[in-house]
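Colleague: Okay, predicted coordinates and the sequence, questions at the end:
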Amino acid sequence: MELISIKSPSEIEKMRRAGRITAAARALAGKMVLPGVTTLEIDTAVRKFIRSQGGEPSFLGYAGYPGSACISVNDEVIHGIPSKKVVLKEGDIVSVDVGACVDGFHGDCAATYPCGKVSPEAERLIAVTEQSFWEGIKFARVGYRVSDISHAVQQYVEAQGFSLVRDYVGHGVGAKLHEPPEVPNFGPAGHGPRLMAGMTLAVEPMVNQGTWEVKVMKDGWTVKTLDGKLAAHYENSILITDGEPEILTVAEE
């Protein structure tokens, strides 16, 4: 089993800087989610912004991925490839996943944004997905186990009538974009590695309106819900401390 990286104070400071830039890029993308905007326009703006801040987009070229952000619309769960052919329209919901590498360390975060006015059910899906993250990280404290986060996310989401993707999970984050441990969004409590101060995790619920099952499209990246119903995504990079978890992907005011 691969060792889980415990970050030093200097590494944590680098992760804070990466996190601030990543969160600011996510916020920029969110403001661009408007009818008539293409997902490629959003991606281009994200790339330029991250580089203007002295970072490099973590996703660009990662395992051959062609974009700087993953932009997934409606029934696309994750890894939607930005394109000039995808023009956002009123009523869409748009998940934007962004990573930035600064001084050799990564920040990773995501959120789902409404495009104009969306249906009440779509609004509720977005809200439940974000809240499930906050429910999960109540257990992101020293002494708990990774699956205590997972279980809390699942309990909350399923009580709201939605389902959680099982084929993709959260992860450790740091000098690599994906590090041990895996952080599922489902499963029984009391399993997996015990949380220790200095661990940095990307916790990312992926929530579907219908079935939890998904399919990968022919492009080899885009993941869609199997039943064509809506999906939402919310993610932050967090630091386990001796007290409350610290959200690393927070934009400066």
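Modeller: Done, it's in. Numbers count the residues shown, from 1 in each chain.
Colleague: Counting neighbours, what do you get for A110?
Modeller: Using other C-beta atoms under 10 Å, A110 is surrounded by 28 other residues. Heads up, the C-betas are built off the backbone N, CA and C, glycines and all.
Colleague: Touching, it and E235? I think so.
Modeller: Yes - assessed by C-beta atoms under 8 Å, A110 is found in contact with E235 at 3.9 Å.
Colleague: what touches both of those two?
Modeller: Between them, A110 and E235 share these contacting residues under C-beta atoms under 8 Å, 6 or more residues apart in numbering: D97, E204.
Colleague: centre of the chain versus the biggest helix by length in the chain, how much separation?
Modeller: When the chain is parsed with DSSP state H, its longest helix is helix 9-31. Put simply, helix 9-31 sits 13 Å off its chain's centre (C-alpha atoms, centre = their mean, to the nearest Å).
Colleague: ditto for stretch 24-41
Modeller: 16 Å.
Colleague: Which strands and helices lie in contact with the longest helix of the chain?
Modeller: Secondary-structure packing of helix 9-31 (3 or more C-beta pairs under 8 Å, 6 or more residues apart in numbering; DSSP states H and E): helix 39-52, strand 69-73, strand 93-102, strand 105-114, strand 236-239.
Colleague: Go again with 10 Å.
Modeller: Helices and strands touching helix 9-31, by 3 or more C-beta pairs under 10 Å, 6 or more residues apart in numbering; DSSP states H and E, are helix 39-52, strand 69-73, strand 93-102, strand 105-114, strand 200-203, strand 236-239, strand 246-247.
Colleague: Looking at these, spot the one closest to V214.
Modeller: V214 sits nearest to strand 69-73 of all these, at 11.2 Å, using C-beta to C-beta.
Colleague: Kindly calculate the angle that that closest one makes with helix 39-52.
Modeller: Angle, strand 69-73 to helix 39-52, by axes from the mean of the first three to the mean of the last three C-alpha atoms, to 10 degrees: 150 degrees.
Colleague: for the following helix or strand past strand 69-73, the distance to its chain's centre please.
Modeller: Next in sequence after strand 69-73, counting helices and strands by DSSP states H and E, comes strand 76-78. How far strand 76-78 lies from its chain's middle: 11 Å, per C-alpha atoms, centre = their mean.
Colleague: Would you mark the buried spots in strand 76-78?
Modeller: Going by neighbour count (16 or more other C-beta atoms under 10 Å), the buried part of strand 76-78 is E76, V77, I78.
Colleague: What lies in contact with it?
Modeller: Contacts to strand 76-78, defined as C-beta atoms under 10 Å, 6 or more residues apart in numbering, come from residues 70, 72, 86, 93-95, 97, 110, 165, 167-168, 204, 206-208, 212, 214-217, 221-225, 230-233, 235.
Colleague: how about low-confidence regions in the stretch 101-250 of the chain?
Modeller: For the stretch 101-250 of the chain, no stretch has pLDDT under 70.
Colleague: Could you pull out the strands in it for me?
Modeller: With DSSP state E, counting those that start in this stretch, the ranges of strands along the stretch 101-250 of the chain come out as 105-114, 163-164, 170-172, 179-183, 200-203, 206-208, 214-216, 223-225, 231-233, 236-239, 246-247.
Colleague: which helices and strands does the last one pack with?
Modeller: Pointing back at strand 246-247 there. Partner elements for strand 246-247 (3+ C-beta pairs under 10 Å, 6+ apart): helix 9-31, strand 236-239.
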